[in-house]
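Q: got a structure for you, letters missing:
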């Protein structure tokens, strides 16, 4: 919109000058005007919030998980995974679901360097074109970058260390190459991450653990696009590999006897994904037809070796295969002042199986067929969206286990065969340019994690810890309501309500077992998943940028100022109040604060300070925060050199070492406490270098790829929905 207004204004100015020029002047022909868009650190849209990673050292100096945790409004816990403004997040990459189990998600994000990411979109109101299984909201990781008509290369890397109890090193490196010519465009992203880490854990007063680990991650993403007249074909292939090792020292009491356990754990994860897309384009640029086939495979191999018994005590292997074919079509139609209709369909097959010591204990299959239609219309200052998605599910499977006598027991998963409609609607009113009021509603579904369905699935166990899956979990249905006022991309105030039926809940209880031979008892912590009838999450939130020029310039001048967040001093305040309402449980709401500030120092040095805290005492599902969540201060100092080609930054994360997690279960007395502390305080430096390249293609005409064809999400990687 900014570009369009600027072009119209420029054209009007040129036309006016042409009419007013004196006859004696010589005419000057303008060959062309180049308009460069400025990236915004945070951008608010009606259905999503966009965070730029590429130009923010405070976000891209570590792993992707570390960057995600710094996003205002987003909370990551071991209890419920990732939530944004009270909504559970489904994780996508380049517009496609990751299709990995919940157990592997954190390892995947820890193994991906944040400097390989262009931006992150948090889609708070997924429309009908998104799968209904996206749940409350979507975290979409965009790695693609714009392909130029010459070879471009960017290197990003960093080094950091922690010193909680000893010196530990961490590195991230990534390289992005891309180019295009008159026949095709291509892109290659490669990278690695190496991370030494420590974690202290406590299960109530029963046991304590000390874990020393090494995480290694590698990835490669390749893409090519071929032009066929107006049409084009896109090919994508991604590969990710994680190789993690942990040493755990555990201490506790088992049937009245103190014990010390030493265990070594090893995890290998592989993920491969291939995508073929054919984009049919028409003379009418607003009309398009896409065909996409996607295949992904994820494999995981976990083992836990006991040094005490000199044998493996756990062996878990999993294999997931997902095939998806989808069609999307859209064209403009005359609805009110203007409008558009979008229709599409999808068919997906998923197969997941797990093994333990060579014994298959879960065989899971899912088939989903869906279609959608969505209408968009505009009437003066109003924008309307109305759509629905129809999905048909066929989920089945078998779980098996061996008892103490080695007898095999087999149970069928509770089948889920259902056809359901998922409507969505939104109204947006623009008070004036860049200030609007939005009302949104959508219905979504969240299928239980296949990891949670597996009754034998666990990644660590000792005498006081047991994790049990639940093959009878049922999907959760969400109704999401939201009202939001946004102004100038950064400021907003919103209220949303998330109503869930059959909510899947992680439950932690303290149990007692008795040895029939001796009569001695042993207490242990049991973690399991279960459905509860209903749950409501209310979330009130606001974001307010405070440019420090407010103390030196009149408000009338500030309102006319075109903010470039890369060039001003500001403080960005985010605050939220959230309450989880659960039947038969008296809950307390909790507050959330995030302060992000930037100061321009002499010589264009930038100082960024970020603080996040979620105070204690509030209820988070069936848990109460015993200690503040987050409570970390991060500082980054950065400067650009060599005509902005080189960006160097030094950083210190969690400088006061306040980041920890402690939750008390309030499901049933006695109320056990789960706590952990990681070596989150770290210091380091990072570099981002746009490598100068010389290529004969740079001398060719600038319009080598058809400029009329839209580059989805800004790059050639296939990231369209």
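A: All right, it came through fine. Not measured: the values here are computed from a predicted model.
Q: and the pLDDT at residue 569?
A: On pLDDT, residue 569 comes in at 87.
Q: actually residue 218, not the one I wrote
A: On the pLDDT scale, residue 218 gets 94.
Q: do the same with residue 16
A: pLDDT, read off for residue 16, is 31.
Q: just residue 545 next, same as before
A: Looking at residue 545, its pLDDT reads 84.
Q: shouldn't it be within a helix?
A: No. Residue 545 sits outside any helix when classified using DSSP: H, G, I helix; E, B strand; the rest coil, being strand.
Q: which strand residues bridge it?
A: Residue 545 has the following beta-bridge partners by DSSP bridges: residue 572.
Q: neighbours around it, how many?
A: Here the number of neighbours of residue 545 (other Cβ atoms under 10 Å) works out to 20. Every residue, glycine included, has its C-beta placed from N, CA and C.
Q: do the same with residue 311
A: 8.
Q: which stretches of the stretch 601-721 of the chain form strands?
A: In the stretch 601-721 of the chain, the strands defined using DSSP state E, counting those that start in this stretch lie at 605-614, 619-620, 623-625, 629-641, 646-653, 661-665, 673-678, 682-691.
Q: kindly report the same for the stretch 101-250 of the chain.
A: 119-123, 137-142, 152-162, 168-180, 184-203, 207-228, 231-254.
Q: just want the most central residue of the chain.
A: The chain has residue 139 as the residue nearest its centroid, 3.5 Å off, counting by Cα atoms, centre = their mean.
Q: quickly find the element holding the residue lying closest to that one once chain neighbours are set aside.
A: Leaving aside its sequence neighbours, residue 139 sits nearest to residue 89 (Cβ to Cβ, 6 or more residues apart in numbering; 4.5 Å). Per DSSP states H and E, residue 89 falls inside strand 87-93.
Q: so that strand versus strand 137-142, what angle?
A: Interaxial angle, strand 87-93 versus strand 137-142 (axes from the mean of the first three to the mean of the last three Cα atoms, to 10 degrees): 30 degrees.
Q: quick one: strand 87-93 to strand 207-228, angle?
A: Taking the same axes, to 10 degrees, one finds strand 87-93 and strand 207-228 inclined to each other by 50 degrees.
Q: assign the nearest residue to residue 609 once chain neighbours are set aside to helix, strand or coil.
A: In space, and not counting its chain neighbours, residue 609 is closest to residue 597: 4.9 Å by Cβ to Cβ, 6+ apart. Here residue 597 is recorded as strand under three-state DSSP.
Q: the stretch of helix or strand residue 438 belongs to - contacts with which helices or strands?
A: Counting by DSSP H and E, the element that carries residue 438 is strand 435-446. Applying 3 or more Cβ pairs under 8 Å, 6 or more residues apart in numbering; DSSP states H and E, we find strand 435-446 packed against strand 416-432, strand 476-487.
Q: residues of that strand that come out buried?
A: 436, 438, 440, 442-446 (16 or more other Cβ atoms under 10 Å).
Q: can you pull the buried residues of the helix or strand just after it?
A: Counting by DSSP H and E, the element after strand 435-446 in chain order, helix or strand, is helix 450-453. Residues 450-453 are the ones in helix 450-453 that count as buried (16+ other Cβ under 10 Å).
Q: again, but for stretch 628-640
A: In stretch 628-640, counting by 16+ other Cβ under 10 Å, buried: 628-638, 640.
Q: hang on, the earlier thing: the strand holding residue 89 packs against which elements?
A: Using 3+ Cβ pairs under 8 Å, 6+ apart, the elements in contact with strand 87-93 are strand 81-84, strand 137-142.
Q: so what touches the first one?
A: Strand 81-84 is contacted by residues 68, 71, 73-76, 88-89, 91, 102, 105, 122, 124, 137, 139 when judged by Cβ atoms under 8 Å, 6 or more residues apart in numbering.
Q: what segments of the stretch 451-600 of the chain are helices?
A: Secondary structure of the stretch 451-600 of the chain, counting by DSSP state H, counting those that start in this stretch: helices at 555-560.
Q: low-confidence stretches in it?
A: For the stretch 451-600 of the chain, the stretches flagged by pLDDT under 70 are 456-459, 489, 558-566.
Q: now residue 219: how far from residue 544?
A: As for residue 219, its distance to residue 544 is 37 Å (criterion: Cβ to Cβ, to the nearest Å).
Q: if we can go back for a sec, how about the residue nearest to the centre of the chain, what does it touch?
A: 68, 74, 82, 84, 89-92, 120-123.
Q: that's all I had, so thanks and see you.
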